[in-house]
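K.L.:
Predicted model follows, preceded by the sequence.
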Number of protein chains: 2
Amino acid sequence: MFYRVNMATLTVTKDAGEQYKGLAGRALTSKIVKIEVDANAHALGKLNKLILAPGFLTGTFAPNAGRMSFGAKSPLTGTIKESNVGGFIGHKLARAGAEAIIVEDVAQDGKLYTMVVTKDGIKLEECPELKGLNIYDATAKLQEKYGLKVGIAAIGTAGENKMASACIGATDQEGEPTRQAGRGGLGAVMGSKGLKAIVVDDAGAANIAFANEEAFRAGAKKLAKALTSHAVTGQGLPTYGTNVLVNILNEAGGLPTRNFSEGRFENANDTGGETMYETIKARGANPTHACSPGCIIRCSQTYKNKEGEMVTGGLEYETCWGFGANIGANNLDDIAYMNRLCDDYGVDTIEMAVTLGVAMEAGIAKFGDSKAAIELIHEMGKATPLGRILGAGAAVTGKVYGVTRVPTVKGQGIPAYDPRAVKGVGVTYATTTMGADHTAGYVVATNILGVSGKTDPLAAEGQVDLSRNFQIATSFIDTTGLCLFVAFAILDIPEGMEGIVEMCNARYGWNYTLNDYLELGKEVLRDERAFNKAAGFGDESDDLPDFFRFESLKPHDVVFDIPKEELKQVFNF
Amino acid sequence: MFYRVNMATLTVTKDAGEQYKGLAGRALTSKIVKIEVDANAHALGKLNKLILAPGFLTGTFAPNAGRMSFGAKSPLTGTIKESNVGGFIGHKLARAGAEAIIVEDVAQDGKLYTMVVTKDGIKLEECPELKGLNIYDATAKLQEKYGLKVGIAAIGTAGENKMASACIGATDQEGEPTRQAGRGGLGAVMGSKGLKAIVVDDAGAANIAFANEEAFRAGAKKLAKALTSHAVTGQGLPTYGTNVLVNILNEAGGLPTRNFSEGRFENANDTGGETMYETIKARGANPTHACSPGCIIRCSQTYKNKEGEMVTGGLEYETCWGFGANIGANNLDDIAYMNRLCDDYGVDTIEMAVTLGVAMEAGIAKFGDSKAAIELIHEMGKATPLGRILGAGAAVTGKVYGVTRVPTVKGQGIPAYDPRAVKGVGVTYATTTMGADHTAGYVVATNILGVSGKTDPLAAEGQVDLSRNFQIATSFIDTTGLCLFVAFAILDIPEGMEGIVEMCNARYGWNYTLNDYLELGKEVLRDERAFNKAAGFGDESDDLPDFFRFESLKPHDVVFDIPKEELKQVFNF
């Protein structure tokens, strides 16, 4: 069922979504944005739309199929944006029969609403009692009212304040709001519409039907086997989480340190996955946790402070890098606390971390001072003028303070892999439709981890082809509702990819080949690029900030040297 | 002579500029930016260049030929930028024999320099004593050192702080720094290079030579006659200054009021040219003043406060609108004081005014409260976090506060003519290479003033052609060094335009026709568009903010309704 929710008239309509048949997840949100959103729209105005769509496999018993896509025009980048989230809400939404929810227009008189989704439809409930609450408190209040079995997504004060780095925070299986649709400021879009929270209750819903359940089950088994047998998804991620990458990237000289001024951090290990694992175990928290139903990778975790109090969960590598090496700090407890603060106020940890690096470069605080960083995050939460600058993201902070080393592409902060030392992901940053985004084409997998063959991360040659292939495959995976981390396994184990194809076909009664699905991936990218073009982005906007091309990065003394003309070949398909 | 001044090595080189022969003013700065500046450069980084170039006629005895162009990549818009200034400096620079000064790289260790230009060459002198001084004090100190006969351009603290709305302030004939290269943040570019001031001393320089002095003199006479006989340049501007426009635009329903929410201001007359004229006369200041040698329009003035103290000069319509109707205020003394503050701190009054409108929309101060506006300008001067937001301009302020009615194009604030009620200039805002800029194609002349025939300002038809023609002609006029206001006369009086053509030819020994010069104007636009394209701007970036298309403007109840496809025809030449 396709729902349209108009926040100005408070009306809900539904139809079969004939126009969008055969699409789900990112393919669906991007198609709707491309067709229905005026590319010239103000991202926080009435012409923008916020779209929710579970993937092909979301809500089924497929392994790691818990993702739901949010799509809109981004207030951070001005481009199209798809940001997907794990946890419980996608699973519940798919089971409740919602293929897409299209949130239109903006609420009148600054009112706030909760959108309640059940198998029977959608209701908007005014929620003045949630105004000004951050995500943990808002979620708890919603759980008091709707119970613990619902899936919840909410915004914090950052989203209410329409900050361009605001995220949407969603609950995990235990009801903790530790999962985020983080990037691109979609929390601000939600806030601009007067939508404080989304509650999804799948009570009474039937299990998802399959065209061929047996074939589906067989495909699921293939994928599960690939995931458990691959070293990254079967061992590395379950044990250390994504934070296993701190020491790996540091060793590779690609761990951006002190606002991308160096590639290796002297205290990296203090913030890495191994140290985190030992800390979590010593304090009796859980190092290996599944954020969504059916997850067999279980890269999430819970984290307690020295006093044994639960602080946060779902602490990712990019966050540990961002509040660690990138600000020159090595205090894991402070990192965990900053993760909690960002999850609670509702801002993207990557954007906040890149912003803090730029702010420190501007002299607002000293590199290495994580207590000052914590204060700056609180400042953002209080929405003081300084806090609003920070909440608007790294590019705005750089502009406001006249900083020249501002690691952003299309207004979005560059994450935890320096593009000079991991050039393949540099190509992705420069060219993806999303603004700087590692997940859009994670060439780190081959450049650094040796997945799908090992390539030289420092070489310019071949990176464009790699990034193209990763971006196409990723667009498809983001459409399935599978966690992107399945890619590590399926790139090395063909049966895993076969299993995905078989599940998609078996669910809907299709007969598509892998190639057909990759064609869909290409169509997603074409749609997204068409939107961006209509929004004013020319081909030449696909590049990195100038300093990456003339500031040499230690320890390898490398610059980003892939010519702009070659970057244009990424979308040559 | 072409000078290259390297701020990192503190070296000056010179050559004949063979590569750029036949160009001057805007044609020259834009050509150099296009050829020499990496379009992907950070505008405040070492790859940007700041270029000074007098026009074809600057420094001669031609009427109103005092302009000098500054060119660079703009930190405000990310586009190419040409911002020209009257006063004394262009005149002196041309007489000292400098056809172009190309300022390259950035100074080391945050040092500040004064660039001293004489007929014998250029010297850089370190000037720590000027650090932190605003433009009036810095200018006075420079005059103590270099005398009163030099031409000076300097930046204030806004430029030192690299604020994206920082302007460059230049002296008039009396040595008062009342003239600005206002738009596009070129003061921040100057600041980023460590260049605090430019002093031009033409002592001992010979008069500018002519290929045919007699023909030049005849051409000058034709232009002079046109200027004195036309109603706008001969009567309106000399008497009331550009501020004659407040009541005219108000009557036309195109005076943007309270951040572009209405087109007519109930207290407009309190801030208009007629009131200003009476106030100036009553207080014994000068209502009719020539900013540069040879000016016969004399639209400038001096303004005293109630206590009889000199406050400011060169108070333009756009400033009186911006600190008047646009913030809902009607206090002319406060307007004059805000003009002084902006000239002194060194920010563009238009950008600051549009920013204040957006800030008031965000609730930072109340519409109508000009005392609060004054405090906000001081806040900018102090470079507090709030002040830095404001100094970064209207687009950033809107983004930081999540405002949806943000009247900017390509990051630059829209000036004093609402594009819904003066649609021709709306086309210019949307399409010019400069970001929103009325001077780039002042269709107000025909839409409102009836110059070159009267056209309907509310009609969509014909505006694209008008804007195209104005933009081409303007590119040429900005290349001559003539004040743009000559256009009022020459559009109605063909002999005036003939005089310009004859002067350009007679100075250099050329035989070009008007059509040849308009072809040069087209080439300027092509160069600028090529730079912008290389900087990432696509064709679709040429549009107005969405609200102009759906928010109806009182009193005429009009929206901007020229289709985007038609806007693309502006550059169809």
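P.N.:
Good, I have the coordinates.
K.L.:
And the pLDDT for A:Leu482?
P.N.:
On the pLDDT scale, A:Leu482 is placed at 98.
K.L.:
my read: it touches A:Gly55, true?
P.N.:
Yes. Counting by Cβ atoms under 8 Å, A:Leu482 touches A:Gly55, with 6.8 Å between them. Any C-beta I mention is one placed from the backbone N, CA and C, and that applies to glycine too.
K.L.:
where do the contact lists of these two overlap?
P.N.:
Common neighbours of A:Leu482 and A:Gly55 (criterion: Cβ atoms under 8 Å, 6 or more residues apart in numbering or on different chains): A:65, A:67.
K.L.:
Break down the stretch 451-573 of chain A into its helices, ranges please.
P.N.:
Along the stretch 451-573 of chain A, counting by DSSP state H, counting those that start in this stretch, helices occupy A:463-480, A:486-492, A:494-508, A:514-534, A:547-550, A:564-567.
K.L.:
what about those, which gets the closest to A:Thr319?
P.N.:
A:Thr319 lies closest, by Cβ to Cβ, to one member of the helices of the stretch 451-573 of chain A: helix A:486-492, at 19.5 Å.
K.L.:
Counting by contacts, list what the closest one packs against.
P.N.:
Judged by 3 or more Cβ pairs under 8 Å, 6 or more residues apart in numbering or on different chains; DSSP states H and E, the packing partners of helix A:486-492 are helix A:213-229, helix A:444-447, helix A:463-480, helix A:494-508.
K.L.:
picking that back up, for the helices of the stretch 451-573 of chain A, give me JSON lines that also has distance to B:Ala392 and mean neighbour count.
P.N.:
Formatted as JSON lines, the helices of the stretch 451-573 of chain A follow (distance: least, Cβ to Cβ, whole Å; neighbours: other Cβ atoms under 10 Å in any protein chain shown):
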{"stretch": "helix A:463-480", "distance to B:Ala392": "33", "mean neighbour count": "24"}
{"stretch": "helix A:486-492", "distance to B:Ala392": "40", "mean neighbour count": "24"}
{"stretch": "helix A:494-508", "distance to B:Ala392": "46", "mean neighbour count": "22"}
{"stretch": "helix A:514-534", "distance to B:Ala392": "24", "mean neighbour count": "19"}
{"stretch": "helix A:547-550", "distance to B:Ala392": "20", "mean neighbour count": "19"}
{"stretch": "helix A:564-567", "distance to B:Ala392": "28", "mean neighbour count": "15"}
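K.L.:
before we move on, the earlier item: dump the helices and strands packed on helix A:486-492 into a markdown table; add distance to chain B as well.
P.N.:
As requested, the helices and strands packed on helix A:486-492 are exported to a markdown table (distance: least, Cβ to the nearest Cβ, whole Å):
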| stretch | distance to chain B |
| --- | --- |
| helix A:213-229 | 40 |
| helix A:444-447 | 23 |
| helix A:463-480 | 18 |
| helix A:494-508 | 34 |
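K.L.:
Let's have the ones you listed in JSON lines, adding distance to A:Arg95.
P.N.:
Output for these, formatted as JSON lines (distance: least, Cβ to Cβ, whole Å):
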{"stretch": "helix A:213-229", "distance to A:Arg95": "15"}
{"stretch": "helix A:444-447", "distance to A:Arg95": "31"}
{"stretch": "helix A:463-480", "distance to A:Arg95": "16"}
{"stretch": "helix A:494-508", "distance to A:Arg95": "13"}
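K.L.:
B:Cys291 is nearest to which of the ones you listed?
P.N.:
When the helices and strands packed on helix A:486-492 are compared by Cβ to Cβ, helix A:463-480 sits nearest B:Cys291, at 54.0 Å.
K.L.:
Send over the closest one as CSV, restricted to the C-alpha atoms.
P.N.:
Extracted as CSV, the C-alpha positions of helix A:463-480 are listed here (Å, rounded to 0.1, in the frame of the first residue of the first chain):
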residue,chain,number,x,y,z
GLN,A,463,39.7,3.4,-9.0
VAL,A,464,37.1,4.9,-11.3
ASP,A,465,36.0,1.5,-12.5
LEU,A,466,35.9,0.2,-9.0
SER,A,467,33.8,3.1,-7.8
ARG,A,468,31.4,2.8,-10.6
ASN,A,469,30.8,-0.9,-9.9
PHE,A,470,30.4,-0.4,-6.2
GLN,A,471,28.0,2.5,-6.7
ILE,A,472,25.8,0.4,-9.1
ALA,A,473,25.8,-2.6,-6.8
THR,A,474,25.1,-0.4,-3.8
SER,A,475,22.1,1.2,-5.4
PHE,A,476,20.7,-2.3,-5.8
ILE,A,477,21.5,-3.4,-2.3
ASP,A,478,20.0,-0.2,-0.9
THR,A,479,16.9,-1.2,-2.8
THR,A,480,16.6,-4.7,-1.3
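K.L.:
Direction-wise, compare it with helix A:514-534 and give the angle.
P.N.:
100 degrees (axes from the mean of the first three to the mean of the last three Cα atoms, to 10 degrees).
K.L.:
Show me where chain A dips below the pLDDT cut-off.
P.N.:
Scanning chain A for pLDDT under 70 picks out no residues.
K.L.:
Just give the nearest non-adjacent residue to the residue sitting furthest away from the middle of chain A, would you?
P.N.:
Going by Cα atoms, centre = their mean, the residue of chain A most distant from its centre is A:Glu214, 32.3 Å out. In this structure, A:Glu214 finds its nearest non-sequential neighbour in A:Ala506, 7.8 Å apart by Cβ to Cβ, 6 or more residues apart in numbering or on different chains.
K.L.:
so what's the one you found up against?
P.N.:
For A:Ala506, the contact set (Cβ under 8 Å, 6+ apart) comprises A:210-216, A:218-219.
K.L.:
now, the most widely separated pair of the residues you listed?
P.N.:
Largest pairwise distance in the contacts of A:Ala506, by Cβ to Cβ, is 13.4 Å, between A:Ala211 and A:Ala218.
K.L.:
now for the helices and strands packed on helix A:486-492, which one comes closest to B:Pro545?
P.N.:
The nearest among these, by Cβ to Cβ, is helix A:463-480 at 30.5 Å.
K.L.:
circling back to that earlier point, now the helices of the stretch 451-573 of chain A in TSV, with distance to A:Glu126?
P.N.:
TSV is the format used below for the helices of the stretch 451-573 of chain A (distance: least, Cβ to Cβ, whole Å):
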stretch	distance to A:Glu126
helix A:463-480	33
helix A:486-492	40
helix A:494-508	37
helix A:514-534	33
helix A:547-550	48
helix A:564-567	48
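K.L.:
and B:Glu375, which of those helices is closest to it?
P.N.:
Here helix A:547-550 is closest among the helices of the stretch 451-573 of chain A (Cβ to Cβ), at 36.6 Å.
K.L.:
touching chain B at all, the closest one?
P.N.:
Yes. Helix A:547-550 reaches chain B (Cβ under 8 Å from any Cβ of the partner chain) through A:547, A:550.
K.L.:
Show me the contact partners of that helix.
P.N.:
Applying Cβ under 8 Å, 6+ apart, the contact partners of helix A:547-550 are A:404-405, A:407, A:419-420, A:426, A:559-561, B:42, B:45, B:47.
K.L.:
What lies in contact with stretch A:204-221?
P.N.:
Residues outside stretch A:204-221 that contact it (Cβ under 8 Å, 6+ apart): A:59-63, A:94-97, A:118-119, A:498-503, A:505-510.
K.L.:
ok, and the closest non-adjacent residue to the residue of the stretch 151-300 of chain A found nearest chain B?
P.N.:
Taking Cβ to the nearest Cβ, chain B has its nearest neighbour within the stretch 151-300 of chain A at A:Lys162, 2.8 Å off. Among residues not flanking A:Lys162 along the chain, B:Gly402 sits closest, at 2.8 Å (Cβ to Cβ, 6+ apart).
K.L.:
same question, A:Pro256
P.N.:
A:Asp418 (4.6 Å).
K.L.:
who touches the nearest residue to A:Arg283 once chain neighbours are set aside in this structure?
P.N.:
In space, and not counting its chain neighbours, A:Arg283 is closest to A:Lys304: 4.3 Å by Cβ to Cβ, 6+ apart. Contact criterion Cβ under 8 Å, 6+ apart gives A:280, A:283-285, A:310-311 as the residues in contact with A:Lys304.
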